[in-house]
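1. Everything below, folded, please.
(one chain, ligands or ions: 1)
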Amino acid sequence: MKQTVIVIGSGVGGLATAIRLAKMGMKVTVYEKNCFVGGKVHSRTFSGYRFDMGPSVFTEPHLIDELVQLSDSELSFSYQGLPESGRYFYEDGTRLIIPSGTEGTLKVLVEDLKEDDYNARKYLLRIEKNYHSLYPVFIETSLHRWSHLLKSNIGKAIRNIPSYGLLTTMNGFSKRFFKHAKTVQLLNRFATYNGSDPYQTPGLLSIIGHLELNIGSFFPEGGMVSITKILEETARSLGVEFVVDSEVQSIETDNGRVKGVWVNGVFEPADIVVSNADVHHTYERLLPHLERPKKILGQEMSSSAVVFYWGIERIFPELGVHNVFFSKDYQTEFQAIFKDKTLSDDPTVYIHISSKVEPLDAPQGCENWFVMVNAPVDNGQDWPMLVEKLRKNVLRKLSNILKVSVEGLIQTEFINDPIKLQQTYNGKGGSIYGNSSNSSAAAFYRHPNFTSKAKGLYFAGVTVHPGGGIPLALNGAKIVERLVKEDFPREAP
Ligand SMILES: Cc1cc2nc3c(=O)[nH]c(=O)nc-3n(C[C@H](O)[C@H](O)[C@H](O)COP(=O)(O)OP(=O)(O)OC[C@H]3O[C@@H](n4cnc5c(N)ncnc54)[C@H](O)[C@@H]3O)c2cc1C
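-> As a prediction, this is how the structure comes out:
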């Protein structure tokens, strides 16, 4: 008889795990609390403007290709490499456009930012090398099974320790190579890709920038939502069933084994349960009877966000697909988020405009602006007041830099804040990536992809190992597949 699997949640981590376990011949059902599949990677349309509601930066597309190729039908995933990785705007009027790839990035660092050519090359090479030596150990491998670690090229990762910047922060690491504040700010921004603070997160996380700075980012045909659409199709082609509008209420365990879940008032038995939900929600709401990993669950949370989805009645040729409007004082901004748990009066503003690539995402002559500001997780702040103030500050900043009244161009508006993010996805305090990576031991304080307390219970998604971002959630699914193959050997093909 086929082994039965229940996946809780249909984010990219849940979808990728469902595909992998279905390909192993298991009977997989995905329960999703929302009325749509895809978790944070989903799309909504307001008055003719289509918005990707969550992620906008897409790297490592081969990880999606790999999953689609597991399909039993002829599915394909289309995407294009973007010619530029981002446009950057500073308060003093400086504007930068970084072309994709190492040489394009170098040109901007050296010609526009007046950095030393040798140091700039050294930095880009260093993050590339560090990325390749850390990836097989920290991203592709369970840190919690010795057998995996020993096969993971850990020797190379250990030999390279002196080059990682373990004893400094990301900010300190950037300053070793660059002398200008604008360059350091640009490189420090990559700490936000896993919801952390560049003035606390270790220098080794500078590897996050490698993909964008040395390679560039990609854009799926049809927008980011095409990622979860194709994963859903792939899963369905392998027989995976989806049950939406169905919030799992609890996970049952007995005698050190998982037994199934309670959902819609019914007990659904399963040999294997994979939680793609936030690990805090999983322990606090779904597993109240299981001993909690207190140290892991007690870590500082990663940032959340306030997002304004604006339909803009004008085309801005000076903007690209990814645009960053920097604050004057980056350190104060991160202090506001992580120490004071509030929003800075001068926030860095990120704008994603998919209609630059997909014109039908906005009415003719208009653009769909996804305007995001990093925010603290919910701690009981007065969010309506903070969001109203932020909206004014963002509009003032954009209007100053773009030299036009942006408010008058907003045709339609929807707003997400930490409370709404928490309510929609069950992420603690609206955190986007679970625990923050604001310490050098953070990787070891992420929950493993399994628990020794209940055989058959696994975890996949950005709140557990290996961490935040779509590529990492996809790697987490690979780790779960490997663990299941070892723990349930007869099911392996
Ligand atoms: C505004 C924003 C911008 C982002 N930008 C980027 C970016 O540019 N690039 C990037 O790589 N990442 C980005 N991220 C992070 C990104 O969303 C994640 O990398 C990825 O989509 C998360 O996937 P996941 O599988 O961990 O979980 P999620 O997408 O959170 O999915 C978890 C699913 O579980 C469901 N669920 C929860 N509890 C239950 C329950 N009890 N029963 C049933 N279902 C349940 C939820 O409804 C949800 O669908 C961004 C996130 C946000 C919010």
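2. Flag every residue of this protein that's near the ligand.
-> Within reach of the ligand by C-beta under 6 Å from any ligand atom, the chain has these residues: 8-14, 31-34, 39-41, 54-57, 247-248, 276-277, 281, 305, 307, 372, 421, 425-426, 432, 461-462, 468-470, 473. Using the backbone N, CA and C atoms, a C-beta is placed for each residue, glycine as well.
3. Which ones among those residues map onto strands?
-> 8, 31, 248, 305, 307, 372 (DSSP state E).
4. Need these in a markdown table (columns: neighbour count and pLDDT).
-> Formatted as a markdown table, the entries for those read as follows, by neighbours: other C-beta atoms under 10 Å; pLDDT from 0 to 100:
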| residue | neighbour count | pLDDT |
| --- | --- | --- |
| 8 | 27 | 98 |
| 31 | 24 | 98 |
| 248 | 26 | 98 |
| 305 | 19 | 98 |
| 307 | 22 | 98 |
| 372 | 22 | 98 |
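5. which ones are touching residue 215?
-> With contacts taken as C-beta atoms under 8 Å, 6 or more residues apart in numbering, residue 215 has the following neighbours: 59, 100, 101.
6. Repeat that for residue 205.
-> Under the criterion of C-beta under 8 Å, 6+ apart, the neighbours of residue 205 are 170, 190, 191, 194, 196, 437.
7. How much space separates it from residue 226?
-> Here residue 205 is placed at a distance of 28 Å from residue 226 (C-beta to C-beta, to the nearest Å).
8. cool, residue 11 as well?
-> For residue 11, the distance to residue 226 under the criterion C-beta to C-beta works out to 15 Å.
9. Then residue 312?
-> Residue 312 is 23 Å from residue 226, by C-beta to C-beta.
10. Residue 11 and residue 226: which has the busier surroundings?
-> Per other C-beta atoms under 10 Å, whichever of residue 11 and residue 226 has more neighbours is residue 11, with 28 against 20.
11. phi, psi of that one?
-> Backbone geometry at residue 11, expressed as degrees, to the nearest 10, gives phi -70, psi 180.
12. just residue 266 next, same as before
-> Residue 266 adopts backbone torsions of phi -120, psi 140, taken as degrees, to the nearest 10.
13. So what's the residue count around it?
-> In terms of burial, residue 266 registers 10 neighbours under the definition other C-beta under 10 Å.
14. go on, residue 189?
-> Neighbours of residue 189 under the rule other C-beta under 10 Å: 22.
15. So what's the residue count around the residue lying closest to residue 347 once chain neighbours are set aside?
-> Nearest residue to residue 347, sequence neighbours excluded (C-beta to C-beta, 6 or more residues apart in numbering): residue 373, at 4.6 Å. When counting by other C-beta under 10 Å, one arrives at 24 neighbours for residue 373.
16. And residue 373, how far from the ligand?
-> Relative to the ligand, residue 373 is positioned 10 Å away (C-beta to the nearest ligand atom, to the nearest Å).
17. I'd guessed that residue sits against residue 342; true?
-> No. Counting by C-beta atoms under 8 Å, residue 373 does not reach residue 342; the two are 11.9 Å apart.
18. What score does the residue most central in space within the chain have for pLDDT?
-> The C-alpha lying nearest the average C-alpha coordinate of the chain belongs to residue 469 (C-alpha atoms, centre = their mean; 2.5 Å). Among the per-residue scores, residue 469 shows a pLDDT of 93.
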